[in-house]
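Colleague: Provided below are the primary sequence and the corresponding predicted coordinates.
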Amino acid sequence: MRSLVLFVFVVLPGVAFSGVSIYYLLPEWAVLDAAYKNYQQVAKSPSATMRDLLVAEAAENRHRINCFAEGVGVLLGGVITAIGIHGICTLPNRTS
């Protein structure tokens, strides 16, 4: 019974939290890659102004921060899952 409670209330929410974070991380990663390439293009352009560079850099940094936050969510969900699995593994065996 205890292992079922740990599984339902700790392991499953941890897996779900990691899954949701991965779901939002992957598209953000693709947008970060596009923003990075755009910043490189703007930086190499001879007609780019300082304003153009700052706008491109801000867009890249925004997506970089979002990827960091989602990555932390993936790790946190993994830690919660690991705590639940560890709790299940360390329960005393009941042999009746």
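Modeller: Structure received.

Colleague: For the longest helix seen in the chain, which helices and strands make contact with it?
Modeller: Secondary structure of the chain read by DSSP state H shows that its longest helix is helix 50-89. Applying 3 or more CB pairs under 8 Å, 6 or more residues apart in numbering; DSSP states H and E, we find helix 50-89 packed against helix 2-6, helix 12-44. Backbone N, C-alpha and C define where each C-beta goes, glycine included.

Colleague: Give me the angle between the longest one and helix 50-89.
Modeller: Spelled out, that is helix 12-44. 160 degrees (axes from the mean of the first three to the mean of the last three CA atoms, to 10 degrees).

Colleague: roughly how far is helix 12-44 from the heart of the chain?
Modeller: 8 Å (CA atoms, centre = their mean, to the nearest Å).

Colleague: List the buried residues of the longest helix of the chain.
Modeller: 56, 59-60, 63, 66-67, 70, 73-74, 77, 80-81, 84, 87-88 (16 or more other CB atoms under 10 Å).

Colleague: I'd like the helices and strands packed on helix 50-89 laid out as a markdown table, including mean pLDDT, mean neighbour count and distance to residue 94.
Modeller: Shown next, in a markdown table, are the helices and strands packed on helix 50-89 (pLDDT from 0 to 100; neighbours: other CB atoms under 10 Å; distance: least, CB to CB, whole Å):
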| stretch | mean pLDDT | mean neighbour count | distance to residue 94 |
| --- | --- | --- | --- |
| helix 2-6 | 92 | 13 | 9 |
| helix 12-44 | 97 | 15 | 23 |
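
Colleague: Kindly reformat those as TSV containing distance to residue 95.
Modeller: Output for these, formatted as TSV (distance: least, CB to CB, whole Å):
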stretch	distance to residue 95
helix 2-6	15
helix 12-44	27
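
Colleague: Looking at these, which is nearest to residue 51?
Modeller: Across the helices and strands packed on helix 50-89, residue 51 has its closest neighbour in helix 12-44 (10.3 Å, CB to CB).
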